[in-house]
Structure formats: structure tokens, C-alpha cells
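>>> the following comprises the amino acid sequence and a computationally predicted model.
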Amino acid sequence: MATENKNLSVYDKTTIPNAKNLRFGIVVSEWNGKITEGLYNGALSALLDCGAVVENIIRWDVPGSFELTYGAKKMILKHEPDAIIVIGSVIQGETKHFDFVCSAAAQGIKDLNVKYNTPVIFCVLTDNTMQQAIDRSGGKHGNKGTEAAIAAIQMAVLGN
Ligand SMILES: Nc1c(NC[C@H](O)[C@H](O)[C@H](O)CO)[nH]c(=O)[nH]c1=O
Ligand SMILES: CC(=O)[C@@H](O)COP(=O)(O)O
């Protein structure tokens, strides 16, 4: 189902485990900061709505989406949170750089999920235009940060 057919912010709170005893890390890319702040706000609001406490949520900022992998790895090693959300916004420019940044971020985060026992949730928008990014970070299609927060809670308790 494409995002245009699904609101990213909709969740049934009765089906989400209580997050009161869970610790989260959030690594935020500074590139396209208006977008990533919107994603962060969506993620934070959903975590708190589901019972998480702000004292148990650690935020680190990194320069761009390429650095999300390193930031998440360092957070795993330093804090061992129950789950990490990495937040980025990659928008197509004139060159192929978009392809390399998106691929590196996706592969790097996948590799962390394989190597470590901390779920790392991929909240990286990869958009053709700024409007697509706006629409998915609190706009008409909802907020992918909200979706990522719910996934983080679900993955944090998986198998418990
Ligand atoms: N163009 C975008 C970037 N580019 C920067 C890279 O992520 C990286 O910081 C740089 O190559 C140095 O290693 N990053 C984004 O997150 N979004 C973009 O649209
Ligand atoms: C995703 C990028 O790195 C991109 O926005 C950079 O723009 P350009 O491809 O025009 O250099």
C-alpha cells in the first residue's frame, strides 16, 4: 500500500504495549531540519502518548542521513536502549548523490539490526520533492515519525 493510501499517524493505542518502562534513543539528521524536526515531534508525541517518559528518551543529532548509522551504533554501545529511531530526510537533487545517501543509510541501519540486539527503526524519508517530505512529516499523509515510534515500541518488546 502506498503512503498516499494510508495515514502514517493513525494507530490503535489499545493494541500498543505500554512503553512506561522502555528506554529509547532517537538519532536525528540535521539535513532538511524542518522536516526532521517534524518527524521527531511526531515520534516523541507518540512515544509519550503510549506511556514512555521523557527521561527515558535520549536524543542525539548528526549532520546528515549518511551519519545515522554511526550515531545509532554509538548509542547502542553507550546506552543500550530498548529501541532506537533514526530520523532523516533525503531529497533528490541534481545528481546521483541521493541514491548513494539513501542506499547507505538503509543498508547501514539494516546491518545494525543484524549485528546488534537493539531494534533500529528506519524513519528516513527519501523523497523526490520537498512537498512529498512535508506531506509525510505532519502533512496530509500524516507523520512517519509517529509510525516509527509505534514500530519502536512493538519491536522493543518483541519476543518478551
Ligand atoms: N543531500 C542530503 C544529505 N547529504 C549529506 C549526507 O547525508 C552526509 O551528511 C554527507 O555526505 C557527509 O557525509 N543528507 C541528508 O540527510 N539529506 C539530504 O537531502
Ligand atoms: C541527497 C543529496 O545529497 C542531494 O540533495 C544533494 O543535491 P545535489 O545532488 O544537487 O548535489
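Sure thing, it's come through. Residues are numbered from 1 along each chain as shown. Ligands and ions are numbered 1, 2, ... in the order given.
>>> which SSE is the residue of the chain found nearest ligand 2 in?
Closest residue of the chain to ligand 2, C-beta to the nearest ligand atom: Gly93 (2.2 Å). From N, CA and C alone the C-beta is placed, and that goes for glycine too. Per DSSP states H and E: Gly93 is located in neither a helix nor a strand.
>>> if I look at it, how far off is Pro81?
33 Å (C-beta to C-beta, to the nearest Å).
>>> one more: Ile153?
12 Å.
>>> and the spatially most central residue of the chain, which of the three is it?
Most central in the chain under C-alpha atoms, centre = their mean is Cys123, positioned 3.0 Å from the mean C-alpha point. Three-state call for Cys123 (DSSP: H, G, I helix; E, B strand; the rest coil): strand.
>>> okay, and the nearest residue to it once chain neighbours are set aside sits in which element?
Sequence neighbours aside, Ala148 is the residue nearest to Cys123 in space, at 3.6 Å (criterion: C-beta to C-beta, 6 or more residues apart in numbering). Taking DSSP H and E as the criterion, Ala148 maps to helix 144-156.
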